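Trainee: got a sequence here, can you build the structure:
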Amino acid sequence: MYSAEDLETTKTRNRLIKIAKQKHIDVKKTLKNLKYEDELKQLQAELVDLQQWVMKHKKRVAILFEGRDAAGKGGSIKRFTEHLNPRAMRVVALNKPTEVERGQWYFRRYIKELPEPGEIVFFDRSWYNRAVVEPVMGFCTDEQYKRFMIQVPEFEHMLYEDGVLLIKFWFSISKDEQQKRFLSRMENPLKKWKFSPVDMKGQELWDKYTYFKEEMFSNTHTSFSPWIIVKTNSKKTARLESIKYVLSRFDYSRRNSSKAHLFPDPNVIMRYFRNAEQIDN
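Mentor: Next up is the predicted model:
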């Protein structure tokens, strides 16, 4: 253990590491966390530069975060957004549709949330609720589901033709890891609010979720709007790699002078293809 004198007199991280080696203190986990924080800080600085470029060139960027419950969508969105200018970005997490919205065209309530010129919008779940959650839980009819699956590629192609830059993430988590995170939520008084009756069905209906997930990929993965799968059993790795992926998609002003490594690990993040290895099958 470090002594009080060690902590009072040591001024640098390298010196603390040296003392740890001398005293045989295991600091691997601490060093790993420090490395993560350093890399995250660098990547978040790049996101600030990207946002400035988006604002200057009046780009419209929409980033969708989809995946099973507890896959880490909200935590990743927090790391994306925590240092961005709130005037030029939004997080959209819609509640269940109202009675009026249920009588409207399904996409209407999402259209009004799409980015304005110079804005980045992060969707914490999106219109793809109708592709997986709603049919699994019986929240839509078979006819509504089939109509959605026909319309969504056309809808996204219209967005593409109109200049909206759309990125679709699927956060992929294993069944065992999901269960661990559910239990952790229930035991944490600060995270209990995240656990819902729908979550409780996640493990029970795992195979049904898998079926509709694969149907979604098969019907809505396109050249102009591909699905990007992120392995998220490691939350911190998923956060870093998803940020890298977004940065790699844009030729923003200061990218070439960046000291950060901006290209994602293909073992963690990849485009969907039918034979791709997924941890949430």
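
Trainee: only C-alpha atoms for contact and neighbour calcs from this point on.
Mentor: Will do.

Trainee: where does this structure dip in pLDDT?
Mentor: 1-4, 6-8, 11, 27, 275 (pLDDT under 70).

Trainee: quick one: the helices in it, in order.
Mentor: With DSSP state H applied, the chain shows helices at 4-9, 13-22, 28-56, 73-81, 99-102, 108-111, 133-137, 142-161, 175-187, 197-204, 206-220, 235-248, listed in chain order.

Trainee: go through the ones you listed and pick out the most buried.
Mentor: Ranked by mean neighbour count, the helices of the chain are led by helix 235-248 with a mean of 20 (mean count of other C-alpha atoms under 10 Å).

Trainee: and that one, what other elements does it pack with?
Mentor: Packed against helix 235-248, as judged by 3 or more C-alpha pairs under 8 Å, 6 or more residues apart in numbering; DSSP states H and E, are the following elements: helix 28-56, helix 73-81, strand 227-231, strand 269-271.

Trainee: same thing but 10 Å
Mentor: Secondary-structure packing of helix 235-248 (3 or more C-alpha pairs under 10 Å, 6 or more residues apart in numbering; DSSP states H and E): helix 28-56, helix 73-81, strand 164-172, strand 227-231, strand 269-271.

Trainee: out of the helices of the chain, which gets nearest to residue 273?
Mentor: When the helices of the chain are ranked by distance to residue 273, counting by C-alpha to C-alpha, first place goes to helix 206-220 at 8.5 Å.

Trainee: which elements pack onto the closest one?
Mentor: helix 133-137, helix 142-161, helix 197-204, strand 227-231.

Trainee: so which of those is nearest residue 184?
Mentor: helix 197-204 (12.9 Å).

Trainee: what comes into contact with the closest one?
Mentor: Contacting residues not belonging to helix 197-204 are listed as 68-70, 133, 136-137, 175-176, 178-179, 182, 208-209 [C-alpha atoms under 10 Å, 6 or more residues apart in numbering].

Trainee: got the angle for that helix vs helix 175-187?
Mentor: Going by axes from the mean of the first three to the mean of the last three C-alpha atoms, to 10 degrees, helix 197-204 is angled at 150 degrees with respect to helix 175-187.

Trainee: now do stretch 76-86: everything it contacts.
Mentor: So stretch 76-86 is contacted by 40-41, 43-45, 47-52, 63-65, 74, 89-91, 119-124, 171, 235-236, 238-240, 242-243, 246 (C-alpha under 10 Å, 6+ apart).
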